[in-house]
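Peer 1: Pasting the sequence and the predicted coordinates here, then a few questions.
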Amino acid sequence: MTRWGMVIDLERCTACQACVVACKVENNIPPAGPEDAAVGRSIAWIRLARMETQEHGGVSSAQLVPVPCMHCENPPCVKVCPANATRIGEEGLVAQVYPRCIGCRYCTTACPYTVRQFNWKDAAWPEPLDQALSPDVSVRPRGVVEKCSFCHHRLMLARDRARFEKRELQDGDYLPACVESCPANAMFFGDLDDPHSEVSRLAESPRAFRLMEELGTRPKVTYLSRGD
Amino acid sequence: MDGKRHSSFDRRTFLGLTAGVAAGVAAGVQAGGLLRRGVLAIDDTPRPKRGAESFVVSSCRQCSGGCGVRVRCIGGRPVKVDGNPLHPVSGGRLCPKGQAMLQSLFHPDRFAGPMRRVGPKGSLDSFQPVAWDEALDFVARRLLLLRQQGRPESLALLRGAIHGAGGRLLTRFMQSIGSPNDVSTPRGDDATAMALLLTQGVSAVPVYDLQSADYVLAFGGAQLETPASPVHMMRAYGRFRDSAAGRRGKLVLVGPRRSITGTVADEWIPIHPGSEAIFALGVASVLVAEELYDKEFVGRRGEQFEDSPDPENHHAEIGLRTLLRRDYTLDRVAAETGVSVHTILGVAREFAAARPGLAIGPRLGPLLPGRLFDHLAVHVLNALVGNIDAPGGVLVPEAVPLRPWPELPADPIADAGRKTPRLDGAGLGQRALMSSDAEGLAEAILAAEHSPVEAVLIADADPAFASLAPETFRAALERVPLVVSLASLPDDSSLYADWILPQSHPLECSDLSTSPPGVPFPLVSHAAAVLDRPMRDTRSLGDIVLQLVRRIGEPVAQAFPWADLPSLLEQEARGLHESRRGAVIGTPFDEAWVKMMEGAGWWAPGYRSEDELWTRIREAGGWWDPLYDHGQWSRVLRTPSGRFQFRPRELEQLDAQRGTRSDLLAIDGPTSSAPERALALTLFEPLPIAGGTGAELPFLQAVIDPSHEQGWRTWVEVHPQTALALQIEHGSLVRVASSQGSIRARVQVTERVLPGVAAIPVGLGKRAGGRWARGIGANPLRLLGAVRESLGGLPDPGATRVQLLLEEV
């Protein structure tokens, strides 16, 4: 069985945010202005979270951690959705079905990682910015919730390509936009159930941890802690 | 919220209605109409058009980093930009600025075509569209007139970092018209290049081989955020921290602010602002005292390390060893830097033990120069551990073998013009070490009764915003009789232009660019035009230059013997074949193969003819020679003695010329003399808006600094102790005032800066720049005084002191 997952090596991450911008371009996320940003309504499917730690001597230190959707094995968002608009697929991808979403935002509240975002208004692309929109990803209307899909459309494209070339899907055929862009090579993606894949090997690393595992969400995004 | 569009019918009504229809409730004609309107209401989200997928190989020019990119197009329409996997700089990766490139291509506020100013300077409303012919004719006539009057030197060029054919054509343009006033505005590499010139006699920006280093001592703060080539550096950092391959380098940041690099680093050593050189020399003094330095390199390749027996030359008497022992005692260094003796000793021992240890000079960003004193001191540290031109050390980039252009034609007017002294004063007196001095040019324009500059071209630069004296430039541009801007999107300098000849976007034209600073290998990147024709009525920089010279006529046009831009590019690329080295860029396997062959003395071109080479360069995206030969001492040590100058002789000659006394002892900009309550201004350039560009794009505005959610406005970082002393709180609005002016900023109370420091990001506060940049934030470059550091004569942003005054809300 395939189980798609991601590994983020915090040792290498330079917090450059290439992943954040790559995701916005890939997934037709509308540009937000200062007003939206001021009230926390600009949308990002992956963001950098600042995690404060206390160092010796009382000097606080922070770590910047890229946070996409964790695509939990036991996703709290799915349980609360009254419209069956969010569900976990056979390969472990937690999907959002926009036409079914009624905008109740139970899921945004239930998600402990706060990665789900609500479209408060109609998306707008001043001409000719709309020309850069990708047909692979549908544009979301006002009133629905959206979130990181692990660039699910890229999986479909990769499958088509593999089928056309009459071969099986291989490790590395399908990469989300964030992983593809990462300059420091800090992000990895692949099948966690494939013992030969790079992610499954890295996810077993002694440095591996997952965010808020104690909640029993069983996230499929694994972080590798810094070794200092 | 926008409620008007769907006021008569919202989504829930529609869902209810469809449910009703499904339940068999009779739906009348009216409801049917409602249903149709409902479908339309939901369906008005954009539906991007489908089409065939294609990929075009090009290069990114959002900064001077020189990444090769691959643009994904749907039906000929670019929808995504990623790194070109074959390209040695980007390796298939890209930074946020590159990722946001399409927003600059499709920016709604780009100039529609050439414009002429008909109203007062300083406003976009003053411009009126004109035809290209009219604009080019006018500018060419005026330049011709300057030549006819015998003063071609009164033409000046203000340029950004341009590594493509347009940049080479501009150089030629200035030469053939006959003006020496070719001035570059970004200054981020100035001090580090000067340090290399003084110590090694090489005129280049040094390259730091991070990926092979084990221990990196980074000064300043922007080594990872805004190095010369960000993606190349971050990829190297990924390998530096390749735990899977069993290696993990240690990164230590030394500076007054814990930047993103400092957050990522293993250790942050906070030091007093302006004491970087003293810290570096303190470490050097431990290396020497404890005999931890590389005796072989220092003895065989170095000079002025030991005391010189020459009694005639006073300065050369004492060598670095004596100097360090005498002046850089640990107690003194600890007092000046605020770092404990214990820490200095620890750093020195680690630096020496990790072979190779690499020290990187204070990097502040693409616009901001460091001080030469700091860069010299840090570079001396590398030489002490023998880390010059060694793997994991400081490398000297190799030149690119493009085919040289024909000699300039004989032209007495141009010859005479070129021989006039530069108006910016670069190369003379206090500015002897500079090749150009943008702020000096602005001062010269304002100093004389009539502007000595009759006409100025501004290309890929925005000195009225992104320079160390934006207000001086604004005043200077008001005075120059003819200002021609080549901006694509309105920028602050174009507000003061008389004519705007808008350049095409890089994705709209083809180009051939040379290695960016920060990479050691010779590299040529080819960019293909992604769009068949420009979005707006614009032309490429190269075409604009060629069309201007055609109009100016002989003998200027004779210096440009190419039919058009594509034929120039093809001609230049022939030099790559003639160099009989290197290969078309390729996979890691190709790279290893070429290295192996060249290492054994073979040349493995992989193509049969010049034409095939040109075709393959365009397909793959470039040409390079991956083999870096370490230890070519005649190439990397080009001082008269062929040795590394620990106390550069050239400085002594300069001192004699200008009557100063500058050696590595000079400690300028003491922090202790700061007036009461004044804070040391520390500027930094966040990657998304570094170099003065990026704020125009909404995706970059949103990600300016990940450390706190502060997009879309300017903030000032102060330490909790400072905030307490000044009685200001986190989030309060303050006026940051210097002797030059003041700006408004939001207070961030954070332990990322030292007490007594006010840290402000550069890149916001534009007067133009389109709807997403105009009027957003404030430009702290306006706070800088005209203070210059004593050693290299560079403007010194670190010398400015500011006060924070609480604003009434």
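Peer 2: Yes, it's here. Numbering: from 1, shown residues only, chains lettered A, B, ... in the order given.
Peer 1: if I pick the most centrally placed residue in chain A, what's in contact with it?
Peer 2: Centroid check for chain A by CA atoms, centre = their mean gives A:P68 as the closest residue, at 3.1 Å. A:P68 makes contact with A:M6, A:C19, A:C23, A:W45, A:I46, A:V115, A:C148, A:F150, A:P176, A:C178, A:V221 under the criterion CB atoms under 8 Å, 6 or more residues apart in numbering or on different chains. C-betas here are computed from N, CA, C, even on glycine.
Peer 1: Most neighbours of all these, which one?
Peer 2: Tallying neighbours with other CB atoms under 10 Å in any protein chain shown puts A:C19 at the head of the contacts of A:P68, with 30 neighbours.
Peer 1: which residues touch that residue?
Peer 2: Shown in contact with A:C19 (CB under 8 Å, 6+ apart): A:I46, A:P66, A:P68, A:A177, A:C178, A:V179, A:S181, A:C182, A:M187.
Peer 1: swap in A:M51?
Peer 2: Neighbouring residues of A:M51 by CB under 8 Å, 6+ apart: A:A62, A:Q63, A:L64, A:V65.
Peer 1: mind running it again at 7 Å?
Peer 2: A:A62, A:Q63, A:V65 (CB atoms under 7 Å, 6 or more residues apart in numbering or on different chains).
Peer 1: Same question for B:V79.
Peer 2: Per CB under 7 Å, 6+ apart, neighbours of B:V79: A:A132, A:L133, A:S134, B:R72, B:C73.
Peer 1: That one should be in a helix, yeah?
Peer 2: No - read with DSSP: H, G, I helix; E, B strand; the rest coil, B:V79 is strand and lies in no helix.
Peer 1: Apart from its neighbours in sequence, what residue is nearest it?
Peer 2: In this structure, B:V79 finds its nearest non-sequential neighbour in A:S134, 4.3 Å apart by CB to CB, 6 or more residues apart in numbering or on different chains.
Peer 1: and that neighbour, which of the three is it?
Peer 2: Quick answer, by three-state DSSP: A:S134 is coil.
Peer 1: now check the helix ranked longest in chain A, is it near chain B?
Peer 2: Of all segments of type helix in chain A, defined using DSSP state H, the longest is helix A:152-164. No - judged by CB under 7 Å from any CB of the partner chain, helix A:152-164 and chain B are separated, with a smallest distance of 8.6 Å.
Peer 1: Just the buried residues of that helix, please?
Peer 2: Within helix A:152-164, the residues scored as buried using 16 or more other CB atoms under 10 Å in any protein chain shown are A:H152, A:H153, A:R154, A:L155, A:A158.
Peer 1: Kindly reformat those as TSV containing pLDDT.
Peer 2: Output for these, formatted as TSV (pLDDT from 0 to 100):
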residue	pLDDT
A:H152	97
A:H153	97
A:R154	97
A:L155	97
A:A158	96
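Peer 1: What is the nearest of these to chain B?
Peer 2: Distances from chain B to the buried residues of helix A:152-164, taken as CB to the nearest CB, are shortest for A:R154 (10.7 Å).
Peer 1: what's the nearest residue to that closest one if we skip its chain neighbours?
Peer 2: The shortest distance from A:R154 to any non-neighbouring residue, by CB to CB, 6+ apart, is to A:Y174 (5.7 Å).
Peer 1: Same check on B:R551?
Peer 2: Leaving aside its sequence neighbours, B:R551 sits nearest to B:A140 (CB to CB, 6+ apart; 3.5 Å).
Peer 1: Can you name every helix or strand that the helix or strand harbouring the one you found contacts?
Peer 2: Element membership of B:A140 [criterion: DSSP states H and E] is helix B:132-148. Using 3 or more CB pairs under 7 Å, 6 or more residues apart in numbering or on different chains; DSSP states H and E, the elements in contact with helix B:132-148 are strand B:455-459, strand B:499-500, helix B:541-552.
Peer 1: Ok, which of those comes nearest B:K595?
Peer 2: Nearest to B:K595 among the helices and strands packed on helix B:132-148 is helix B:541-552 (33.3 Å), distances taken as CB to CB.
Peer 1: Which residues does the helix or strand following the closest one contact?
Peer 2: Under the assignment DSSP H and E, the closest C-terminal helix or strand after helix B:541-552 is helix B:565-578. For helix B:565-578, contacts defined as CB under 7 Å, 6+ apart pick out B:165, B:401-403, B:510, B:512, B:524, B:540, B:542-543, B:546, B:562, B:582, B:610, B:613-614, B:617, B:623.
Peer 1: ok, and which of those residues reach chain A?
Peer 2: Among these, none lies close to chain A by the criterion of CB under 7 Å from any CB.
Peer 1: Tell me which of those fall in strands.
Peer 2: Members of the contacts of helix B:565-578 lying in strands (criterion: DSSP state E): B:L512, B:V524, B:W623.
Peer 1: Using a markdown table, please lay out those residues together with neighbour count.
Peer 2: Shown next, in a markdown table, are those (neighbours: other CB atoms under 10 Å in any protein chain shown):
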| residue | neighbour count |
| --- | --- |
| B:L512 | 28 |
| B:V524 | 25 |
| B:W623 | 27 |
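Peer 1: which residues of chain A fall in helices?
Peer 2: Assigned by DSSP H, chain A shows helices spanning A:18-26, A:34-38, A:76-80, A:106-110, A:152-164, A:177-181, A:198-203.
Peer 1: Please apply the same query to the stretch 301-450 of chain B.
Peer 2: Per DSSP state H, counting those that start in this stretch, the stretch 301-450 of chain B carries helices over the ranges B:320-327, B:330-337, B:341-353, B:372-384, B:412-418, B:438-447.
Peer 1: in the fifth one, what's buried?
Peer 2: Along helix B:412-418, the positions that meet the burial threshold by neighbour count (16+ other CB under 10 Å) are B:I413, B:A414, B:G417, B:R418.
Peer 1: Also the first one?
Peer 2: Along helix B:320-327, the positions that meet the burial threshold by neighbour count (16+ other CB under 10 Å) are B:L320, B:R321, B:L323, B:L324, B:D327.
Peer 1: Find the pair from the residues you listed with maximum spatial separation.
Peer 2: Using CB to CB, those span at most 11.6 Å, a distance reached by B:R321 and B:D327.
Peer 1: Share the number of residues neighbouring residue 70, please.
Peer 2: Because you didn't say which chain, this covers chain A. 24.
Peer 1: actually chain B
Peer 2: 20.
Peer 1: Kindly provide the distance from the residue nearest to B:R551 to A:T222.
Peer 2: Distance, B:A140 to A:T222, by CB to CB, to the nearest Å: 62 Å.
Peer 1: For chain A, what is the nearest residue in the stretch 251-400 of chain B?
Peer 2: Closest contact between the stretch 251-400 of chain B and chain A, by CB to the nearest CB, is at B:D266 (4.6 Å).
Peer 1: Run through the chain and note the low-pLDDT ranges.
Peer 2: Picking chain A for this. Applying pLDDT under 70 to chain A flags the ranges A:54-61, A:228.
Peer 1: The chain in question should be chain B.
Peer 2: Low-confidence segments of chain B (pLDDT under 70): B:1-43, B:310-317, B:657-676, B:708-710, B:809.
Peer 1: And the helix or strand harbouring B:R635, how far out from the chain middle?
Peer 2: Element membership of B:R635 [criterion: DSSP H and E] is helix B:633-636. Helix B:633-636 has its C-alpha centroid displaced from the chain centroid by 27 Å (CA atoms, centre = their mean, to the nearest Å).
Peer 1: In the contacts of B:V79, which residue is surrounded by the most others?
Peer 2: That'd be A:L133 among those, by other CB under 10 Å, with 23 neighbours.
Peer 1: Next one: the nearest residue to A:V199 once chain neighbours are set aside from A:L211, what distance?
Peer 2: In this structure, A:V199 finds its nearest non-sequential neighbour in A:G190, 4.1 Å apart by CB to CB, 6+ apart. To A:L211, A:G190 is 19 Å away according to CB to CB.
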